[in-house]
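[1] Quick one: sequence plus predicted model below, questions after.
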Amino acid sequence: MAIHIRIPRRRFVALGAGSAALAALPRSAAANQGVSKGELVIGSLQDLSGPIAVLGKPIVNGMTLRVEQANAAGGIHGRKLRLVVEDTGYDPKKAVLGAQKLLGQDKIFAMVGSLGTVVALPTIPLVLERGLPHLFPITAHNGTFEPFHKMKFALTTPYTDSTKTGLKEMLKRGNYKRVGILYQDDEYGLEVLRGTEAALKDVGLALVERTSYKRGSTDFSSQMQRLRAANPDLTVLGTIVRETIGAMAAGRQLGYAGDFFGSQAAYMPAVARAGGKAVEGLYAMSETPTPYRDDPKNNKLLNDWLDAYKQRFNEDADLWSVTGWMVVDIFVKAAEKAGPNLTPDGLVQALETTTYPRSYLGTPEYVFGPNRRLGNRQTRIAQIQNGRWTSVSDFVQ
């Protein structure tokens, strides 16, 4: 079996004492790891037991499917691809221990598709210290590609940029004149606020109301009363799943009739599934679309992929399944292009000189270069229509 998923145990605490030794290994020794005559080993840090396991599990399924497909096709230059996943529980301390294990014990060649800002930021340095690639973490934080580092590649447009781009497009499409915002009182929410203010500044508008909430809040009545009193025709939401649903429900109960617009963090399958009538009509930014098997607009390749996923895991794929599959697919194509004598530098050169075009999965084009480590700055607007996410614009930049 090519996939190995291990849950952190207390005994891994002992790995902490060895972290200095790991970092002290010669870069050349570390950089040759993970590649043998018959095997290529990659690692990933995922939440399989914590607060965002609803994302982590389909991500791992998508990664698993792509690994198995690569191996069924003969592997990468004759090497079988092996994926080792560590469960972080979305805890940065567990993430560090998991990364140390993947690097020192499993001797991975690259870290691919790790989930979450609190996981990626403290573990990126551990990977880079060993001269190994850190690829495509699933987070919109600009720390995943800045400051520039040769081995550090990212895919997801930062919240500030995508919010700015999307809001300016919304203002064109809807002719909105009065914009308010509700945002989470942390760095994520502030990034959405910054993007909102930048978009409004470019078109000569200012917020008519801004109000925030503490992470974990469940009651949004006071914030929505403030927004209702200011009477915006568009309210920006720097919210995630539960908060998106709660805020919109509170607003509708107060009689707010304007539109709502969320960041990429609001574009979640669970929002459309669990929100019901309260979230109908919500706009949000998206990069990877949510697929639906019965959508008549699907092409055959997409339906075949959805069927393969359903057969393998006995559940429907969602956007996180697509995301997991995609990050491994980009790695596989780069490793194939790098040739049989695979090295970190060879993989980097392959990534820098290959364009990954828009795919049948609905993903955007990804392009890297010698001075470009963020592969995409395109997002598009989606809307919940009849309980499902539907793309209502093409990619905008």
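    Received, thanks.
[2] Strands along the stretch 1-150 of the chain, start to end?
    Remark: strands assigned in the stretch 1-150 of the chain by DSSP state E, counting those that start in this stretch are 3-6, 39-46, 80-87, 110-112, 134-135.
[3] okay, A14: pLDDT?
    A14 is assigned 38 on the pLDDT scale.
[4] quick thing: my sequence starts at 226, can you match it?
    Right, with 226 as the first residue, what we last looked at is A239.
[5] circling back: make JSON lines from the strands of the stretch 226-375 of the chain and add mean neighbour count, distance to I555 and mean pLDDT to it.
    All C-beta atoms are positioned from the backbone trio N, CA, C, and that covers glycine. JSON lines is the format used below for the strands of the stretch 226-375 of the chain (neighbours: other CB atoms under 10 Å; distance: least, CB to CB, whole Å; pLDDT from 0 to 100):
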{"stretch": "strand 228-231", "mean neighbour count": "15", "distance to I555": "18", "mean pLDDT": "49"}
{"stretch": "strand 264-271", "mean neighbour count": "25", "distance to I555": "12", "mean pLDDT": "98"}
{"stretch": "strand 305-312", "mean neighbour count": "22", "distance to I555": "13", "mean pLDDT": "98"}
{"stretch": "strand 335-337", "mean neighbour count": "25", "distance to I555": "9", "mean pLDDT": "98"}
{"stretch": "strand 359-360", "mean neighbour count": "26", "distance to I555": "8", "mean pLDDT": "98"}
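[6] can you put the ones you listed in TSV and add distance to M510?
    What follows is the strands of the stretch 226-375 of the chain, written out as TSV (distance: least, CB to CB, whole Å):
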stretch	distance to M510
strand 228-231	31
strand 264-271	23
strand 305-312	28
strand 335-337	24
strand 359-360	23
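[7] which one of these lies closest to A607?
    Within the strands of the stretch 226-375 of the chain, the stretch nearest A607 is strand 264-271; the backing value is 24.7 Å (CB to CB).
[8] which outside residues touch the closest one?
    259-260, 281, 284-285, 288, 300-301, 304-313, 320, 323-324, 327-328, 331-340, 344-345, 348, 553, 556, 560, 567 (CB atoms under 8 Å, 6 or more residues apart in numbering).
[9] in the protein, which helix or strand is least confident?
    helix 244-249 (a mean of 42; mean pLDDT, DSSP states H and E).
[10] List the residues that contact the residue sitting furthest away from the middle of the chain.
    For the chain, the largest distance from the centre (CA atoms, centre = their mean) belongs to A454, which lies 35.2 Å off. Going by CB under 8 Å, 6+ apart, A454 touches E434.
[11] in the host helix or strand of it, what's buried?
    Assigned by DSSP states H and E, A454 belongs to helix 446-455. Neighbour counts over helix 446-455 (16 or more other CB atoms under 10 Å) mark Q448, M449, L452, R453, A455 as buried.
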